[in-house]
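J.: when you get a sec, could you give me coordinates for this:
(one chain, ligands or ions: 2)
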Amino acid sequence: MQRIDLLVVGAGSAGLVAARTAAGLGARVTLVERGRPGGDCLWTGCVPSKAFLAAAAAAHAARSSERFGVHADVRVDLDAVLAHVRRAQDRIAPVDSVEALRADGVDVRTGTARFTGPGRAEVDGVALRFRRAVLATGADPVVPDLPGLAGALTSDTVWGHAGPLRSLVVLGAGPVGCELAQGFARLGTAVTLVEANDRVLPGEDPDASARLGAALRRDGVDLRLGTPVTAVDGGDVVLDDGTRLPADRVLVALGRRPAVAGLGLDALGVALDDTGHVAVDDRLRTSAPGVFAAGDVVGAVPPGGAAPFTHVAGVHGSVAATNALLAPLRRVHHAAYPRVTYTEPEVAHVGLTAAEAGPGARERVLEHAHVDRAVAEDATEGVTRVVLDARGRVLGATIVAPRAAEMLTELTALVARRGRLRDLAGVVHPYPGWGDGVWNAALAELGDSLSTPMTRLLARTVVRARRLGRP
Ligand SMILES: Cc1cc2nc3c(=O)[nH]c(=O)nc-3n(C[C@H](O)[C@H](O)[C@H](O)COP(=O)(O)OP(=O)(O)OC[C@H]3O[C@@H](n4cnc5c(N)ncnc54)[C@H](O)[C@@H]3O)c2cc1C
Ligand SMILES: NC(=O)c1ccc[n+]([C@@H]2O[C@H](COP(=O)([O-])OP(=O)(O)OC[C@H]3O[C@@H](n4cnc5c(N)ncnc54)[C@H](O)[C@@H]3O)[C@@H](O)[C@H]2O)c1
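T.: Ligands and ions are numbered 1, 2, ... in the order given. Purely as a prediction, here's the structure:
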């Protein structure tokens, strides 16, 4: 039996990039996928959720257009919305298809992979031998073992919903819960969002949570914060304070767990961390020689935390494949990777929050009431918060705004390169773009750094001297 140079398990964002990278390096690569190539991002995650939110944004824009002097009647057909979601998926699917992968030089096997020992695996009973491997099996939604929760929707199943949906209780106000709660509310469903913590997006800056919470309430979402769910009983969601919330359907968005069950990691000698993810170092090496891991199956990579996002999975796939096949020289940098929750407003974050940065850090805060584009679009509730060290270098940033994802990118570059915020002041931004939020913060930073008693005295002296020197 011929040994494969690289065996990649899982054809999601991480595995697809790993397999294509390996093929590009001239390796004999086999990619095993038990479902359809494309993984969570294409079939159950980013693509359907963003297509869904686009429809929700259209409904909201039409409904709230009166303030611009535009009058519209809005009627939502949820089946047609979900048909739009499927069309978006169908348009992207060919890029990740088995045919496209084979054309790129990847040997694709459809089936469930299981490791049987070092260098050995089987796919639905067919044995394979390999030199190196990349584990890219992703994660699945967590459905806690609470009474009555078994039939609830998850982010895996909600896209198959048919017919109207009058009321929905969403459990968990992380990124999945907030995005889907807002989407359904804007499309006319009566949504209640239940969160055990006392704020939505508990992992984000508290001010960002407060602003998003207010935006969700404006969309009509009934927020129940600080109240864990304990059961679903006869169609009612029961909270720990005894409240009963009737709902046509319940959507569970209580986190995701790594997909490692039945993979045979013991036989391979791969250790898990204390959260059950595959433990890796910053070169994505697992505890087993020659075995790497990439994407959501990986947990925290110190000094950063976990980064279960598509853009990170892609970077992981590339790093894992080159490290496996060439030499383990490339590192991942979780502490500098951005994340965005695509609600409206978007909540975008990179690096450290003020609380994480500690007492030596300071914040530069720019309210978007001072961003002319935000005023023009009547969307001034946002903010740009930049966390700086004593020398003015950017340690982190959080932006709440309709275009926060795009606004964050230049601050991400500064976090990655340890640059100063004031360095952006000399970079001219087009007016009136959303980028003015970041630019105005940089200009304010530069202005403050130049405005010392000494520089003010110097400027006044020069101006006076010139005045006196004139005829
Ligand atoms: C609702 C939702 C919205 C999201 N939105 C965003 C977003 O806007 N932006 C963003 O960056 N991220 C988003 N994410 C997260 C993103 O989808 C994931 O981080 C990303 O898809 C992870 O890719 P992956 O390759 O690690 O895993 P996956 O995409 O889960 O791929 C793993 C693959 O492995 C296969 N597999 C598992 N076990 C085996 C086995 N034993 N044998 C063979 N095949 C196996 C699975 O079938 C699957 O196809 C979202 C997630 C959700 C749930
Ligand atoms: N835009 C994006 O990038 C995007 C969008 C969606 C999902 N994702 C990814 O998917 C992952 C999973 O997202 P998620 O939102 O499902 O999980 P999460 O872990 O981020 O949030 C789950 C929420 O449920 C709450 N919770 C837990 N137990 C509870 C209980 N009994 N009752 C009420 N609330 C409870 C938690 O406090 C938490 O706020 C995220 O980490 C993210 O990486 C990313």
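
J.: may I have the lowest-mean-pLDDT helix or strand in the chain exported as PDB, CA atoms only?
T.: For the chain, scoring each helix and strand by mean pLDDT, DSSP states H and E identifies helix 453-469 as the least confident one, at a mean of 90. This file holds the C-alpha atoms of helix 453-469, laid out as PDB (Å, rounded to 0.1, in the frame of the first residue of the first chain):
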ATOM      1  CA  PRO A 453       3.100  72.900  27.300                       C
ATOM      2  CA  MET A 454       6.500  72.900  25.600                       C
ATOM      3  CA  THR A 455       5.100  72.500  22.000                       C
ATOM      4  CA  ARG A 456       2.400  75.100  22.700                       C
ATOM      5  CA  LEU A 457       5.000  77.600  23.900                       C
ATOM      6  CA  LEU A 458       7.200  76.900  20.900                       C
ATOM      7  CA  ALA A 459       4.300  77.400  18.400                       C
ATOM      8  CA  ARG A 460       3.200  80.600  20.100                       C
ATOM      9  CA  THR A 461       6.800  81.900  20.000                       C
ATOM     10  CA  VAL A 462       7.200  81.100  16.300                       C
ATOM     11  CA  VAL A 463       3.900  82.700  15.400                       C
ATOM     12  CA  ARG A 464       4.700  85.900  17.400                       C
ATOM     13  CA  ALA A 465       8.200  86.100  15.900                       C
ATOM     14  CA  ARG A 466       6.800  85.800  12.300                       C
ATOM     15  CA  ARG A 467       4.200  88.500  13.100                       C
ATOM     16  CA  LEU A 468       6.800  90.800  14.500                       C
ATOM     17  CA  GLY A 469       9.100  90.200  11.500                       C
END
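
J.: show me how far that helix is from its chain's centre.
T.: Here the centre of mass of C-alpha atoms in helix 453-469, compared against the chain's by CA atoms, centre = their mean, to the nearest Å, lies 51 Å away.

J.: that one packs against which elements?
T.: With contacts defined as 3 or more CB pairs under 8 Å, 6 or more residues apart in numbering; DSSP states H and E, there are no secondary structure elements packing on helix 453-469. All C-beta atoms are positioned from the backbone trio N, CA, C, and that covers glycine.

J.: for the nearest residue to residue 182 once chain neighbours are set aside, give me its contacts.
T.: For residue 182, the nearest residue in space outside its immediate sequence neighbours is residue 343; the separation is 5.0 Å by CB to CB, 6 or more residues apart in numbering. Applying CB atoms under 8 Å, 6 or more residues apart in numbering, one finds that residue 343 lies in contact with 53, 178, 179, 182, 212, 215, 216.

J.: over to residue 194?
T.: Taking CB under 8 Å, 6+ apart as the contact definition, residue 194 lies against 169, 170, 171, 172, 173, 224, 227, 228, 229, 237, 239, 245.

J.: cool, residue 8 as well?
T.: The neighbourhood of residue 8, defined by CB under 8 Å, 6+ apart, consists of 15, 18, 19, 22, 29, 30, 31, 32, 133, 134, 136, 321.

J.: average pLDDT for the host helix or strand of it?
T.: Per DSSP states H and E, residue 8 falls inside strand 4-9. pLDDT averaged over strand 4-9 equals 98, rounded to a whole number.

J.: could you do stretch 400-415 as well?
T.: 98.

J.: buried residues in that stretch?
T.: Of the residues in stretch 400-415, those with enough neighbours to count as buried (16 or more other CB atoms under 10 Å) are 400-408, 410-412, 414-415.

J.: stretch 81-90 now?
T.: In terms of neighbour count (16+ other CB under 10 Å), stretch 81-90 has its buried residues at 81, 82, 84, 85, 88, 89.

J.: from residue 366, how far off is the residue nearest to residue 182?
T.: Distance from residue 343 to residue 366, counting by CB to CB, to the nearest Å: 20 Å.

J.: can you give me the pLDDT of the closest residue to ligand 2 within the chain?
T.: Using CB to the nearest ligand atom, residue 174 is the residue of the chain that sits closest to ligand 2, at 2.1 Å. Residue 174 carries a pLDDT value of 98.

J.: so what sits opposite residue 141 in the bridge?
T.: residue 256 (DSSP bridges).

J.: in the stretch 1-150 of the chain, where is pLDDT below threshold?
T.: By pLDDT under 70, the stretch 1-150 of the chain has no low-scoring segment.

J.: how about the residues of it by ligand 1?
T.: Residues of the stretch 1-150 of the chain found near ligand 1 (CB under 6 Å from any ligand atom) are 9-15, 32-35, 39-41, 44-46, 49-50, 112-113, 136-139.

J.: among those residues, which are located in strands?
T.: Taking DSSP state E, the ones among those that sit in strands are 9, 32, 33, 113, 139.

J.: just send these back as a markdown table, with neighbour count too.
T.: Rendered in a markdown table, the data for these read as follows (neighbours: other CB atoms under 10 Å):
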| residue | neighbour count |
| --- | --- |
| 9 | 28 |
| 32 | 26 |
| 33 | 28 |
| 113 | 25 |
| 139 | 22 |
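
J.: need the max-distance pair from those.
T.: Of all pairs drawn from those, the one with the largest separation by CB to CB is 32 and 139; the distance is 17.3 Å.

J.: element containing the residue nearest to residue 1 when sequence neighbours are not counted?
T.: Nearest residue to residue 1 in three dimensions, chain neighbours excluded: residue 129, at 5.4 Å (CB to CB, 6+ apart). With the criterion set as DSSP H and E, the secondary-structure element containing residue 129 is strand 126-135.

J.: tell me the helices and strands packed up against that strand.
T.: Packing partners of strand 126-135 (3+ CB pairs under 8 Å, 6+ apart): strand 4-9, helix 13-24, strand 120-123, strand 291-293, helix 310-325.

J.: partner strands of it and their direction?
T.: In the sheet containing strand 126-135, the strands it pairs with under DSSP bridges are strand 4-9 (parallel), strand 120-123 (antiparallel), strand 291-293 (parallel).

J.: in a markdown table, list those along with distance to ligand 2.
T.: Formatted as a markdown table, the entries for those read as follows, by distance: least, CB to the nearest ligand atom, whole Å:
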| stretch | distance to ligand 2 |
| --- | --- |
| strand 4-9 | 20 |
| strand 120-123 | 28 |
| strand 291-293 | 16 |
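
J.: and the ones you listed as JSON lines, adding distance to residue 354?
T.: Shown next, in JSON lines, are these (distance: least, CB to CB, whole Å):
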{"stretch": "strand 4-9", "distance to residue 354": "40"}
{"stretch": "strand 120-123", "distance to residue 354": "46"}
{"stretch": "strand 291-293", "distance to residue 354": "32"}
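
J.: return the most buried member of these.
T.: For these, the largest average neighbour count (mean count of other CB atoms under 10 Å) is found in strand 291-293, namely a mean of 29.

J.: how far off centre is that strand?
T.: 23 Å.

J.: about what we covered before: out of the contacts of residue 194, the closest to residue 122 would be?
T.: Checking these against residue 122 with CB to CB, the nearest one is residue 172 at 36.4 Å.

J.: partners of residue 384 in the sheet?
T.: Listed by DSSP bridges, the beta-bridge partners for residue 384 are residue 366, residue 399.

J.: state the pLDDT value of it.
T.: The predicted local distance difference test score for residue 384 is 98.

J.: do residue 470 as well
T.: Predicted confidence (pLDDT) at residue 470: the value is 65.

J.: ok, back up a step: would you list the contacts of residue 8 in TSV and tack on distance to residue 350?
T.: Listed next are the contacts of residue 8 as TSV, based on distance: CB to CB, whole Å:
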residue	distance to residue 350
15	25
18	24
19	28
22	29
29	32
30	36
31	31
32	34
133	31
134	26
136	24
321	25
